[in-house]
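Student: what shape does this take:
(one chain, ligands or ions: 2)
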Amino acid sequence: MNRTILIILVFLFSTNSYSQKISISLFNDLSLNTVLITPTAGNYKLITAKGEIRLLTDQIIYLSKVGDSILVRDANSNLGTWARISIVGQSGEDVIRVKPILPSFPARKYNDNISFYVEFNRLMTINLIDREKYISCVVEAESGPNREDEFYKAQSLIARTFALGHLEKHKGEGFNLCDGTHCQAYKGFIGFDKSIYEATLATEGEVIIDTSKQFITAAFHSNCGGFTANSQDVWLTSKPYLVSVEDKYCTGTRNANWEVAITLKNWKAFLQTKGVDTTLITDIKQFNFKPVGRPVYYPILNQKIPMIQFRTHFSLRSAFFSVQVRKGEVRIIGHGYGHGVGLCQEGAMQMALKGWKYDKIINYYYKGVKIVNITEVAPSSPIIDGDIEKIDSIKIDSAKTKL
Ligand SMILES: [Zn+2]
Ligand SMILES: [Zn+2]
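Tutor: Numbers count the residues shown, from 1 in each chain. Ligands and ions are numbered 1, 2, ... in the order given. Model prediction:
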């Protein structure tokens, strides 16, 4: 076996949890059949079981699944058919563009190496990338450009804590993480914003652990509306570090306030599905609700309906709102965007603008946690349990709400 392929396989199936490399399944939500690949920077080799082919910058290579193998062609000729090929960068600053053709999907650019093979009746596309470059790309996907360095550092710790805490999430499939919402948003080399990469490198290897030295569930959301939420009020699972805190920093920002109207008929219909006998309500003012702080329940007659159930049913931006009924219309006056648990991105950005350092921001939103280098965390620390899976799926869902 070619030495380079062997090295890649060792990386992919390595039991060393905290390698400098990480393997990500690309376009994981698609069932790829055909892609075009084009080196755009650096110096790449195409490595097959039969040897190596040097690729030129801007050269277009066509890869197509044929049975259990990959047919490889360039503009002029058929290069061969193999069970597995790898595109391996030689310069350390290599970037390759991948354009899915079947099914069609917008092209993305990736750093470092990519292996292709057929499994699960699809063309698997596995990016073996330097861990810190991957973290930087995730931060860019989740935070956008032109933010403060200290905010990017805080987001780097969150992305790294998730990645290193879930290295075994796709163990049975032969890679660490996928690029979809199931794991964390990764769209490759977007602008590869230099300031984001520098913020990531400035915190290289740093992760957040709880008092039991476990990686925390580093939940975050766009805007808490003035108070973050307790994790048990949103996901039923209590975490000592995911407790409600007052946040005066996000209340003047973009996603701080919102308002929607719902017909009284629809409001009553929903309450009835929760067992509320709305015929007993004699005055529509009984529907009104003005909480102090972040409410957990909406009180009506002798019942309490969890606020999160309204959020889900009416697709509200958050579960933090007051209610005013006027002329057959229910006005929902809301605060914040997202589930409200953990770090509030817009609050954290304001803190960074005021000169807060990333560790102070992290410690404000996650109570009693510690920032340590990954080398101080025992390799047995990665935790996978049902609760975490559940929390992650909601967290990532909210993370999609771009600022
Ligand atoms: Zn995944
Ligand atoms: Zn906030």
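Student: residue numbers of this protein in contact with ligand 1?
Tutor: Contacts of the chain with ligand 1, taken as Cβ under 5 Å from the ion, map to 178, 182, 183. Where you see a C-beta, it was placed from the backbone N, CA and C, and this is true even at glycine.
Student: so what's residue 129 bridging to?
Tutor: Counting by DSSP bridges, residue 129 is bridged to residue 22.
Student: wait, isn't it in contact with residue 112?
Tutor: Yes: Residue 129 lies in contact with residue 112 (Cβ atoms under 8 Å); the separation is 4.4 Å.
Student: now do the strands in the stretch 51-200 of the chain.
Tutor: Under the criterion DSSP state E, counting those that start in this stretch, strands of the stretch 51-200 of the chain are mapped to 51-55, 61-66, 69-73, 78-82, 84-89, 95-102, 108-111, 113-119, 122-130, 177-178.
Student: now render those strands as TSV, adding mean pLDDT and mean neighbour count.
Tutor: Formatted as TSV, those follow (pLDDT from 0 to 100; neighbours: other Cβ atoms under 10 Å):
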stretch	mean pLDDT	mean neighbour count
strand 51-55	93	15
strand 61-66	97	19
strand 69-73	96	18
strand 78-82	94	16
strand 84-89	96	23
strand 95-102	97	19
strand 108-111	96	23
strand 113-119	96	21
strand 122-130	96	22
strand 177-178	96	21
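Student: neighbours of residue 258, just the number please.
Tutor: 17 (other Cβ atoms under 10 Å).
Student: what about it, which helix or strand?
Tutor: Here residue 258, judged by DSSP states H and E, is contained in strand 257-263.
Student: okay, now the sheet partners of that strand, with direction.
Tutor: strand 329-335 (antiparallel).
Student: give me the residues contacting the strand it pairs with.
Tutor: If you take Cβ atoms under 8 Å, 6 or more residues apart in numbering as the criterion, strand 329-335 is touched by 225-226, 251, 256-264, 266-267, 287, 314, 316-318, 320-325.
Student: now with 7 Å, please.
Tutor: 225-226, 256-264, 267, 287, 316-318, 320-324 (Cβ atoms under 7 Å, 6 or more residues apart in numbering).
Student: can you tell if that strand touches ligand 2?
Tutor: No: contact of strand 329-335 with ligand 2 (Cβ under 5 Å from the ion) is absent, the minimum separation being 9.1 Å.
Student: among the strands of the stretch 51-200 of the chain, which is nearest residue 207?
Tutor: strand 177-178 (15.1 Å; Cβ to Cβ).
Student: mind listing the strands the closest one pairs with, and their directions?
Tutor: Assessed with DSSP bridges, strand 177-178 is paired to strand 21-25 (parallel).
Student: so how far is the strand it pairs with from its chain's centroid?
Tutor: 15 Å (Cα atoms, centre = their mean, to the nearest Å).
Student: just stretch 228-242 next, same as before
Tutor: Counting by Cα atoms, centre = their mean, stretch 228-242 is centred 19 Å from the centre of its parent chain.
Student: tell me which residues of it come out buried.
Tutor: Neighbour-count burial for stretch 228-242, counted by 16 or more other Cβ atoms under 10 Å, picks out 228, 229, 230, 231, 233, 234, 235, 239, 241, 242.
Student: can you pull the contacts of the closest residue to residue 105 other than its chain neighbours?
Tutor: The spatially closest residue to residue 105, leaving aside those adjacent along the chain, is residue 30, at 6.0 Å (Cβ to Cβ, 6 or more residues apart in numbering). Taking Cβ under 7 Å, 6+ apart as the contact definition, residue 30 lies against 100, 103, 105.
Student: distance of residue 30 from ligand 1?
Tutor: The gap separating residue 30 from ligand 1 is 14 Å, by Cβ to the ion, to the nearest Å.
Student: in what helix or strand does that residue lie?
Tutor: Per DSSP H and E, there is no helix or strand for residue 30.
Student: any idea how far it lies from residue 123?
Tutor: 10 Å (Cβ to Cβ, to the nearest Å).
Student: now swap in residue 155 and tell me
Tutor: 32 Å.
Student: next: residue 357.
Tutor: Here residue 357 is placed at a distance of 44 Å from residue 123 (Cβ to Cβ).
Student: ligand 2 contacts on the protein?
Tutor: Residues of the chain lying near ligand 2 (Cβ under 5 Å from the ion): 224, 247, 250, 344, 347.
Student: let me see the backbone angles for the residue nearest to the third one when sequence neighbours are not counted.
Tutor: Nearest non-adjacent residue to residue 250, counting by Cβ to Cβ, 6+ apart: residue 347, 3.6 Å away. As for residue 347, its main-chain torsions (degrees, to the nearest 10) stand at phi -70, psi -40.
Student: quick one: pLDDT of the nearest residue in space to residue 354 that is not next to it in sequence?
Tutor: Among residues not flanking residue 354 along the chain, residue 249 sits closest, at 7.8 Å (Cβ to Cβ, 6+ apart). Looking at residue 249, its pLDDT reads 98.
Student: I figured residue 249 hits residue 345, correct?
Tutor: No: using Cβ atoms under 7 Å, residue 249 is not in contact with residue 345; the gap is 10.8 Å.
Student: so between these two, which is more surrounded?
Tutor: With neighbours defined as other Cβ under 10 Å, residue 249 and residue 345 compare such that residue 345 has more, 31 against 22.
Student: quick one, grab the pLDDT at the closest residue to that one other than its chain neighbours.
Tutor: Nearest in space to residue 345, with sequence neighbours left out and distances taken as Cβ to Cβ, 6+ apart, is residue 222 at 5.4 Å. Looking at residue 222, its pLDDT reads 96.
Student: can you check residue 378 too?
Tutor: Here the pLDDT value assigned to residue 378 is 63.
Student: got it, and residue 11?
Tutor: pLDDT, the model's per-residue confidence, is 45 for residue 11.
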